[in-house]
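1. Structure for the following, please:
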Amino acid sequence: MDPPPRRLAAAQLLLLLLLAAASPAAHAWKKDEFRNCNQTPFCKRARTRAPHSLDAPLSLAADSLAVSPDGSISAELSHPSRPRPLVLRLSALPPHALRLQIDEDYSTATPPHRRFHVPDVLLPDLEARTLHLPEPKTADGVSTVALSSDFDVVVKHDPFELTVRRAGSGDPVLSFNSHGLFDFEPLRESKPEDETWEEHFRSHTDKRPRGPQSITFDVSFYGADFVYGLPEHGSTSLALRPTRGPGVEESEPYRLFNLDVFEYLHESPFGLYGSIPFMIGHGAHGSSGFFWLNAAEMQIDVLAPGWDEATAPENGRVDTLWMAEAGVVDAFFFVGSEPKDVVKQYVSVTGTPAMPQQFATAYHQCRWNYRDEADVDGVDAGFDEHDIPYDVLWLDIEHTDGKRYFTWDHSAFPNPEEMQRKIADKGRKMVTIVDPHIKRDSSFHLHQEATDKGYYVKDANGNDYDGWCWPGSSSYPDMLNPEIREWWADKFSYESYKGSTPTLYIWNDMNEPSVFNGPEVTMPRDALHYGDVEHRELHNAYGYYFHMATADGLLKRGEGKDRPFVLSRAFFAGSQRYGAVWTGDNSADWDHLKSSIPMVLTLGLTGLPFSGADVGGFFGNPEPDLLVRWYQVGAFYPFFRGHAHHDTKRREPWLFGERRTAIIREAIHVRYSLLPYFYTLFREASVTGIPVMRPLWLEFPGDKETYNNGEAFMVGPSLLAQGIYEDGQKSVSVYLPGKESWYDLRNGSPYKGSVSHKLQVVEDSIPSFQRGGTIVPRKDRFRRSSTQMVNDPYTLVIALNSSNAAEGELYVDDGKSYDYQQGGFIHRRFVFADNKLTSLNIAPDNLGKKFTSDCVIERIIILGLRSGAKKAIIEPGNEEVGIESGPISLRSGSSPVAPTIRRPNVRIADDWTIRIA
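-> Numbers count the residues shown, from 1 in each chain. Reported below is the predicted structural model:
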């Protein structure tokens, strides 16, 4: 219901107070606004238990073990004190992933409600890909089953314990409940008179009508020096630091609970906007991963060696404790010889990332808010005037009519379609924001329709939930319901979203969901969703379903032909299938610049390769040197966007003096020159899940020096960069892994591998290198936007290794449609060996669509070439071209430093060979 007139003044006053509280000054991190573990009963209970101290440890009934017709293994877990047993199911996925599912056995005693299984996250063909497990071999209370030729699963019966081990050596890789901390609180049919189920936090009461239902267990990673993952939290450490045990000061567990956190701490295990309960363990002898599909609040401890006083610290083992408020056990164990194997197995379960459109991989310009159409025109013209390319201009919440999404403020944006067309004429796009909170206004058609159809989330009493956000009184569509997601998707049609055009894309913010007057600035846990599911059970997936529905809307709008672009702040496992994410409301300080690297790297490791941080920091005014350094780092983020709060000073790239404008221009030009390489990496990510921006150890898994390096990073297999993270820094130490040389991207100077180099800090760039043995494709002619570069020629940069060899790839398609799924693309491998460069087709030729291009290669730069060759021969055709010394880049003032084959003009779509004579 809308507020009646007599309550309107009070409602408006409350809105003003809430919006004031949402200002940066008021919302800088306030520790007491959010619960800690001691204020969270399920976490507090679980964290105080000693290993093997449970009163009712679960045991597996040996006579219940059975192989099902689908090839899975089932069994019963029980204890005499439990009201009903648990049902266990083990299944296998190729090549050697194990799935463990545990739920209550509802056939014996049925509670009023069943536990929630998270839908629509795992790929729909998962069951069809399940392998048949052989009959277990049981002896002395232990059952063993072959997971693959390389790995076994060992199940101890009493108490229940599960271990994945190497088949030959018997060495453990992963274990579940090896410390006896597995606790599965049963659902109760009614509340005992002597118990209180309600929980209180500040002024909020959670009725908890279904009682305690938490799950806790320990997982150990053997052979691991470090563990990684569990986004999202701020940290300057790439590896997850221990949260409990010897040498650890009082600390909170890593919290996974999606929240709207203003000006978050750069160093804290506290959960932020998204949650992915996936952890990777890595050491010199192998990698492993553990994923728990559960959307309830989680708290995870990483336990320091010696935390269990009953056993001596074990080298090469990391113990962890997983605690969740509700849900079931639906867990996956991944094992591999190297970390890429683990990442590939994870995305084989949750889906490979969506292939973005080409424009989305370029530079985006955003601010809360560009005021009106004149402001948009001025910013757009400013980029052209200062010769700075960009591809996307964004509009925040102020573009709407009173925070009603899918509308325009017609006083500020009277002609939105014409505005978009003017931007599109230069090959550029626009993005508008669409958040999940719908203004409760009876004159707003979207609210009225959602109300009439019963499409809102309900409160604990079954009424439409009414919370406060930017529009004031708001309600939230129940995105768990597929029917409501379909309804939401229809709102992006041109007929429904008046003023939108084919070049307008979407930004989902505040979808944790954010509720200004809710507990911890979110929705109450006892709110009700489709299927009588409590919000506590699906909280972390709400933003995922909203992201999914929005992406589906753009897909429908384009009749299935146009790849959507949707940026989301909240995320969950599987979000990679629907678009990009960013690290939220960061701050304009050096620590946040530094922490952005581990944050983006962690997102990539957990399936989300299309991510980045707001360049310059969202809150506050960056000092000019910080802004410059942020652009230089941001040019390597997979998602590259400048963004700022409305209370900050304007910070378009040309507002900081001529010298700094030139440096920022150069940083953006670096990104645009590397767009062919980035797009090729996004193609790899969309097929394999291997991230675009990578920790060093993903490429050098045996090099221990890389394991906790969160300052340097790889872009694909070929480039390494390291930011400058301190004001006034004069020198920086950069570790270059591997045995091969590395070449400075600015001047081609070689540097030895497996060495830390102390480098002088320069103003106009950050340390960045190309790995010996690689070939990187570029485009060096700068236009207004990436769209205008489509027909431009390419440059290949060949960095030779100690064998005078190198290789690389180039992927090209139309940059926008789904034709690539039917073979409409070019995919080449370039191989340099024996003084000969060969272009090979690696695209399958049995798919229906074809794509071609007349683009040619106009320059080939060869770093590390020792011969004094003056010419090269192109085959076929026996055509001779010259070799001369040329610059690494075409920017003014660049000196000739490397042998360059100029104007070979071979087509990227053709097979050819260029031999150095």
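2. What is the neighbour count of T787?
-> Neighbourhood size, T787 [other C-beta atoms under 10 Å]: 19. The way it works is simple: take the backbone N, C-alpha and C, and place the C-beta from them, glycine included.
3. wait, what's in contact with it?
-> Shown in contact with T787 (C-beta atoms under 8 Å, 6 or more residues apart in numbering): 358-359, 391, 427-428, 815.
4. and if you look at P513?
-> 436-437, 476, 522-523, 542-543, 546, 570.
5. The same query, at a cut-off of 7 Å, please.
-> P513 sits next to 436, 476, 522-523, 542-543 when contact means C-beta atoms under 7 Å, 6 or more residues apart in numbering.
6. Next step: these restricted to helices.
-> 542-543 (DSSP state H).
7. quick one: which of the contacts of P513 is nearest E263?
-> T522 (17.1 Å; C-beta to C-beta).
8. Can you give me the distance of the closest one to E252?
-> For T522, the distance to E252 equals 18 Å [C-beta to C-beta, to the nearest Å].
9. higher neighbour count, these two?
-> T522 (22 against 19).
10. OK, contacts around the more buried one?
-> Per C-beta under 7 Å, 6+ apart, neighbours of T522: 259-260, 512-515.
11. Identify the single longest strand in this protein, thanks.
-> The longest strand of the chain (DSSP state E) is strand 898-907.
12. could I get the contacts of T787 as TSV with neighbour count?
-> Output for these, formatted as TSV (neighbours: other C-beta atoms under 10 Å):
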residue	neighbour count
Q358	23
F359	22
D391	26
G427	19
R428	25
G815	19
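13. between those, which is nearest T648?
-> D391 (22.8 Å).
14. I'd assumed S785 was in contact with the closest one.
-> Yes. D391 lies in contact with S785 (C-beta atoms under 7 Å); the separation is 4.9 Å.
15. And the furthest pair within the contacts of T787?
-> Largest pairwise distance in the contacts of T787, by C-beta to C-beta, is 13.8 Å, between R428 and G815.
16. Where does pLDDT dip in the stretch 201-350 of the chain?
-> 310-315 (pLDDT under 70).
17. Same question for the chain.
-> 1-29, 310-315, 892.
18. list the contacts for the residue nearest the centre of it?
-> Geometric centre of the chain, nearest residue: L608, 2.8 Å, by C-alpha atoms, centre = their mean. Applying C-beta under 7 Å, 6+ apart, we find L608 in contact with 571, 575-576, 581.
19. Which of those ranks first by neighbour count?
-> Using other C-beta under 10 Å as the neighbour test, those are led by F571, with 33 neighbours.
20. residues touching the residue nearest to it when sequence neighbours are not counted, list them.
-> Distances taken as C-beta to C-beta, 6 or more residues apart in numbering put G274 closest to F571, at 3.5 Å, once the chain neighbours are dropped. Contacts of G274 were listed using C-beta under 7 Å, 6+ apart, and they are 231-232, 258, 570-572, 581.
21. and what of D764?
-> 663, 666.
22. Quick check: it is in a strand.
-> No. D764 sits outside any strand when classified using DSSP: H, G, I helix; E, B strand; the rest coil, being coil.
23. Roughly how far does it sit from H386?
-> The gap separating D764 from H386 is 16 Å, by C-beta to C-beta.
24. what about L840, which SS state?
-> strand.
25. Just give the number of residues close to the closest residue to it other than its chain neighbours.
-> Nearest non-adjacent residue to L840, counting by C-beta to C-beta, 6+ apart: R829, 4.7 Å away. Applying other C-beta under 10 Å, we find 15 residues neighbouring R829.
26. what do you get for Q822?
-> Q822 has 13 nearby residues by other C-beta under 10 Å.
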